[in-house]
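Chemist: give me the fold of what follows.
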Amino acid sequence: MRSIVLLLSCLIAQQLLAEESCQRAPDPSRIAIAGGSITEVLYFLGEEQRIVAVDRTSNFPQAALDLPQIGYVRGLSTEGLLSLKPTLVLGEDDMGPPEVLAQLTQTGIDTVRVKEVHTAQGILNKVRCVANVLSLENAELVAAEARLVSQLNALESVTVSKQSPTAILVLMFQEGAAIAGGENTSADGMLRMAGIKNALVDVKGWKPLSAESLIKANPDYLILTDRAVSAAGGLDKVYQNPGVRLTKAGKHQHLVQMDGMSMLGFGPRTLSAALSLSEITQEK
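Modeler: Numbers count the residues shown, from 1 in each chain. Sure, this is the predicted structure:
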């Protein structure tokens, strides 16, 4: 009997996970957020007073760190969420696990996942979606969008061409191997937004790269998250990595360190990060 109940819960959750919605929430007054980019959007919209809890990826702005936490975006706890009495659980499209979403729905708590598309337009659509879920008036949304327009316009003129520099975006180092983003990742979307070609042309998803793989890809630039640099023991240690030092990026000291969430979260800050990255790689 227990296995049947669990199976039904998972089936319900799978259906929920297939349905991304921007429909107005019945009661968005007390929001638990699963996903750092969604937290950023609420602060960007000036609606942070609705937030009762955030997940561990919500590290910006600084004020978000003082809010109660509900665990990791893909490892939420039903008990932890229920104790905070949210009227809405609002998350990125990979929030979970499925059985927790099913349990929340069974208790009557509204759950909404916001679709993620790794483009500049995708960021604008995310902001619009959250605004609609919160039932913000059109004038409020127009004012918020106006703050993104100049960045959106600037990024529209940035394109990837044969002359564009190549780069690899490294999320993390594990035992000396770079964990980097190939096709169909936020890293690939970020590089494209900045007018940079992803040097990992034959790699899909996030993959560990051996020294040989890095040397073969031979990127003009290596883009590193703060987390990656910290894990390596600092930028000097990254330069000493056997794979890094024999690439064009290593030889010409074209290593760029940036905050990982600002680059890969695809919230409002990602537009600024893409513009900065474009300027850095075009000026050298």
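Chemist: pLDDT value on the residue nearest to T159 when sequence neighbours are not counted, please?
Modeler: Spatial nearest neighbour of T159, excluding adjacent residues (Cβ to Cβ, 6 or more residues apart in numbering): G195 at 6.0 Å. No exception for glycine: its C-beta is placed from N, CA and C like everyone else's. We note a pLDDT of 95 for G195 in this prediction.
Chemist: same thing with E283?
Modeler: pLDDT, E283: 66.
Chemist: same thing with V114?
Modeler: Looking at V114, the pLDDT reads 97.
Chemist: burial of it, as a residue count?
Modeler: 22 (other Cβ atoms under 10 Å).
Chemist: contact partners for it?
Modeler: By Cβ atoms under 8 Å, 6 or more residues apart in numbering, the residues touching V114 are 20, 22, 35, 38, 90-93, 126, 129-130, 133.
Chemist: quick one, strands of the stretch 1-150 of the chain?
Modeler: Secondary structure of the stretch 1-150 of the chain (DSSP state E, counting those that start in this stretch): strands at 31-34, 51-53, 71-72, 75-76, 88-92, 110-114.
Chemist: quick one: strands adjacent to the second one?
Modeler: In other words, strand 51-53. Here strand 51-53 is paired, per DSSP bridges, with strand 31-34 (parallel).
Chemist: before we move on, what about the third one?
Modeler: As defined by DSSP bridges, the strand partners of strand 71-72 come to strand 75-76 (antiparallel).
Chemist: name the residues that touch the strand it pairs with?
Modeler: Residues from elsewhere that reach strand 75-76 (Cβ under 8 Å, 6+ apart): 34, 55, 70, 89, 95-97, 100-101.
Chemist: flag the shaky bits of the stretch 1-150 of the chain, pLDDT-wise.
Modeler: The stretch 1-150 of the chain contains residues with pLDDT under 70 at 1-19.
Chemist: what about the helices in the stretch 151-284 of the chain?
Modeler: 186-193, 211-217, 226-232, 235-240, 248-251, 260-264, 268-283 (DSSP state H, counting those that start in this stretch).
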